[in-house]
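**Student:** Pasted the sequence and its predicted model underneath.
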Amino acid sequence: MSFFAPGLEDAFRTAAAELGMCSASRLFVREAASDGPDAVAELSDRLGRPFPVLDAVAAAVLEGAPLRGVDPGEVLATLAGLRRLLVAGFEADFLDALVRALSGEVRVGLVRTAFLEGDWERIADNYAGRLELVEMAAFAGWAGPRSGLLTFLYGVEGAVTHVAPAWLRVAGDDVRPIFRELVGWDVLGRPMSLYPRWLTEVPAGSFTRLA
């Protein structure tokens, strides 16, 4: 991949629609890092401002943090005892690891939203039947005493965090009492230093569990 080629922003936008903001950022930063830190810095200079999640991932690598594989152990512990898990928002690296680790007895759904216009059918096909697509109008049917709602967080800073807009459509006051857990999984691990374009600020305390 040439990070000086035209169309880089469009390429990242397409990847983010199919993989999620953080997962696409990890992919692009990993590819840049294979050419050395100067390439990572150049990638951040070109795409960091329009895509602040990428900026944060690149900053972590430039500070010496390795891009490791995803360990779902902490979030698995927060989901213990659940039999239905509904996910709002999408991060391929993280959901892949979680679905592989979950017991086959846990039913997993993904709320279909318009965020970045991903191809939801193709996304679901990658999970070989393990992931069910759920229309927004039907998500309350997943509620119950052994059900949870999960979304991906992009850094927790004090009392606030940032989420994909899809979360606001499923986590209203009328929904909170009907799911046992509302789980936020911090996939970024650090606050963003730029304006969180594409994302929405919510109170970190609005989740019953953070991982």
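**Tutor:** Perfect, I can see it now.
**Student:** Tell me the buried residues in the strand ranked longest in the chain?
**Tutor:** Ordering each strand of the chain by length in residues (DSSP state E) puts strand 144-157 first. Buried residues in strand 144-157, counted by 16 or more other Cβ atoms under 10 Å: 147-156. All C-beta atoms are positioned from the backbone trio N, CA, C, and that covers glycine.
**Student:** Which elements pack onto it?
**Tutor:** Packing contacts for strand 144-157, counted by 3 or more Cβ pairs under 8 Å, 6 or more residues apart in numbering; DSSP states H and E, involve helix 21-33, helix 52-62, strand 84-88, strand 160-163, helix 166-170, strand 179-186.
**Student:** mind putting the buried residues of strand 144-157 in TSV, distance to residue 103 and pLDDT included?
**Tutor:** Shown next, in TSV, are these (distance: Cβ to Cβ, whole Å; pLDDT from 0 to 100):
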residue	distance to residue 103	pLDDT
147	15	97
148	14	96
149	18	96
150	15	97
151	21	97
152	21	98
153	24	98
154	28	97
155	30	96
156	28	95
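**Student:** Put together a markdown table for those, with distance to residue 210 on each row.
**Tutor:** Formatted as a markdown table, the buried residues of strand 144-157 follow (distance: Cβ to Cβ, whole Å):
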| residue | distance to residue 210 |
| --- | --- |
| 147 | 18 |
| 148 | 13 |
| 149 | 13 |
| 150 | 11 |
| 151 | 11 |
| 152 | 12 |
| 153 | 7 |
| 154 | 13 |
| 155 | 12 |
| 156 | 7 |
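**Student:** Return the member of those nearest to residue 199.
**Tutor:** Nearest to residue 199 among the buried residues of strand 144-157 is residue 154, at 5.7 Å by Cβ to Cβ.
**Student:** dump the residue contacts of that closest one.
**Tutor:** Neighbouring residues of residue 154 by Cβ atoms under 8 Å, 6 or more residues apart in numbering: 21-22, 53, 56, 161-163, 186-188, 192, 196, 199.
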